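A.B. asks: Model the following, please.
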Amino acid sequence: MNADSVELAGQVARAAHNLRDHAQSSALTGKREFPTPCADFDVHRLSEHLLGVLVTGARAAAKEPPAADAPTALTEAPWVVFPPLVDKLAAAWSEPGAWEGETPFAGSVRPAPVAGMITIMELTVHGWDLATATGQSFTADDDVIATAAAVAGQIAESARADGAFGPEVEAAPDATPLERLLALTGRKAA
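C.D. replies: Just a heads-up that it's a prediction; the model follows:
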């Protein structure tokens, strides 16, 4: 994958806006306890995980470690909380230095491009989880899916060992790139 920082920043923004679009009141109201394809999460817990993705991703772009007082629980609905965080995340990764060097991310120090690409993957895969759990259709741009799949392939072994990915699911021969990404992360698209 040969995307430059401007292209990757655009992918972060589009993945984040896609999540925001799937986290609207009309889609989530009354579905807090619905199960999701991510076995560890119902819709509410998945939304709290995504809160962490948005906050941690923005801090990683700014080369800041996770804040001790960073929110981990939703005190308001996702459709209220997510929009300003989506904007902050997109703005943070659009800064030229965001993609340079290393940054604190997910309990270690990683190359900034890897942290940004993992953020794209998290937003895409969990955006699909949220959409699927709440009966919404889900699409993502081809380049966003390609970036998410590239980084998922790089981290798959360690992510499975840590329990972040389930066992890989065999994708159908005619699977779309999104379906292949989901299979790699242990999900079966219906």
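
A.B. asks: can you give me the mean pLDDT across the helix or strand harbouring residue 82?
C.D. replies: Element membership for residue 82, per DSSP states H and E: helix 78-94. Computed over helix 78-94, the mean pLDDT rounds to 98.

A.B. asks: Please point out which parts of it sit buried.
C.D. replies: 78-79, 81-82, 85-94 (16 or more other CB atoms under 10 Å). C-beta here means a position set from N, CA and C on the backbone, and glycine is covered the same way.

A.B. asks: can you check stretch 27-34 too?
C.D. replies: Buried residues in stretch 27-34 (16+ other CB under 10 Å): 27-28, 34.

A.B. asks: Redo the residues you listed as CSV? Include pLDDT and secondary structure.
C.D. replies: What follows is the buried residues of stretch 27-34, written out as CSV (pLDDT from 0 to 100; DSSP: H, G, I helix; E, B strand; the rest coil):
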residue, pLDDT, secondary structure
27, 96, helix
28, 97, helix
34, 98, coil
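
A.B. asks: State the next helix or strand along the chain beyond the helix holding residue 82.
C.D. replies: Defined by DSSP H and E, the subsequent element after helix 78-94 is strand 102-105.

A.B. asks: In that following strand, which residues are buried?
C.D. replies: 103-105.

A.B. asks: Show me what it is packed up against.
C.D. replies: helix 43-61, strand 108-111, helix 112-133 (3 or more CB pairs under 8 Å, 6 or more residues apart in numbering; DSSP states H and E).

A.B. asks: And the shortest one, what does it pack against?
C.D. replies: In terms of contact count using 3+ CB pairs under 8 Å, 6+ apart, strand 108-111 is assigned the packing partners strand 102-105.

A.B. asks: which regions of this structure lie under the pLDDT threshold?
C.D. replies: 1-2, 190 (pLDDT under 70).

A.B. asks: check which helix or strand covers residue 143.
C.D. replies: Going by DSSP H and E, residue 143 is part of helix 142-162.

A.B. asks: And stretch 173-183, how far out from the chain middle?
C.D. replies: Distance, stretch centre to chain centre, for stretch 173-183: 17 Å (CA atoms, centre = their mean, to the nearest Å).

A.B. asks: neighbouring contacts of it?
C.D. replies: Applying CB atoms under 8 Å, 6 or more residues apart in numbering, the contact partners of stretch 173-183 are 121, 124-125, 128, 138-140, 142, 145-146, 148-149, 152, 168-172, 188-189.

A.B. asks: likewise stretch 24-36?
C.D. replies: Applying CB under 8 Å, 6+ apart, the set of residues contacting stretch 24-36 is 42-44, 46-47, 77-79, 129-136.
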